[in-house]
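Novice: sequence and predicted structure below; questions after.
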Amino acid sequence: MQPTTVGRFRVQRREGDAFTLVEVPDEPVHPDDPDADEAYAPLRADGDHSADVEPLEPGWVVDATLAWSDATARIEEYTVVRETRIHVADEVTGMFEAAREAWRNARAAGDAMVSTTTRGRDGTPNGALYLFADPPGRDTLSALADGSLPLEPLVARVNERLDDGEPRSVFLLRPDSDDYVAVLVAFRRDGILARTVRDTYDLGSALADRLDDLEDDAGIYGELEENATSSDGADPSAH
């Protein structure tokens, strides 16, 4: 009998029928915790899957059984828990001004990471924006996309704060002319913020609206505001 692993996983990345999976712990592990690397270590499932994997999309969370053969995992069965989506874009032109301004402020302060909270036109928080330094020789975008730099704590913080069971849209964006990577977690997967970003950066069909306000928040893993909800209005402004 083949050994199996049963757990909850995020589909971090997909290449054909090969998947990068990251286990989702029962309780989020802070990135500074000594156990964080092990807790969020990505694994690859690229065997002859027994389950129908065609529907699986990057970002989805599944309860899955993995079967192992010669250190190769395959997906034996799964149940979809949450249909969050992860979108990745490199060499982005016209990065929205909110991100550019936040990064200018971070550089002036000597910070390698910064976070902000995006707001709709009614002032309601609608997303969390995180900026990571991406100096020459370090491929921060790929590290976030493949899970070697944990993305899960950022999404977990939003899920914990909102506690609504709703799927999110997560955008990994690297501008073509600057030295950072933006991670935007839109609170509503199909809200105006998420649809606008998908449309603006050609990541899928969406409603074309302008990006609007945001408010600075302290620290890359800083607290989201206590009154954050999943309401979605307009979005962080882009030029």
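Specialist: Thanks, I have it.
Novice: pull the helix or strand with minimum mean pLDDT from this structure.
Specialist: Taking mean pLDDT, DSSP states H and E as the measure, the chain has strand 211-212 as its least confident helix or strand, at a mean of 36.
Novice: counting by contacts, list what the helix or strand containing Arg107 packs against.
Specialist: Following DSSP states H and E, one finds Arg107 within helix 97-109. Contacting helix 97-109 under the criterion 3 or more Cβ pairs under 8 Å, 6 or more residues apart in numbering; DSSP states H and E are the following elements: strand 113-119, strand 125-133, strand 169-175, strand 180-186, strand 214-217, strand 235-236. Where you see a C-beta, it was placed from the backbone N, CA and C, and this is true even at glycine.
Novice: dump these to CSV, plus mean pLDDT, distance to Ala102 and mean neighbour count.
Specialist: Compiled in CSV, these are given as follows (pLDDT from 0 to 100; distance: least, Cβ to Cβ, whole Å; neighbours: other Cβ atoms under 10 Å):
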stretch, mean pLDDT, distance to Ala102, mean neighbour count
strand 113-119, 91, 5, 23
strand 125-133, 95, 6, 25
strand 169-175, 98, 12, 24
strand 180-186, 97, 9, 26
strand 214-217, 39, 7, 18
strand 235-236, 41, 9, 28
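Novice: can you tell which of these is closest to Asp46?
Specialist: strand 169-175 (21.8 Å; Cβ to Cβ).
Novice: what residues does the closest one touch?
Specialist: By Cβ atoms under 8 Å, 6 or more residues apart in numbering, the residues outside strand 169-175 that reach it are 59, 84-93, 95, 99-100, 134, 140-141, 144-145, 151, 154-155, 180-186, 188-190, 193-194, 197-198, 201, 203.
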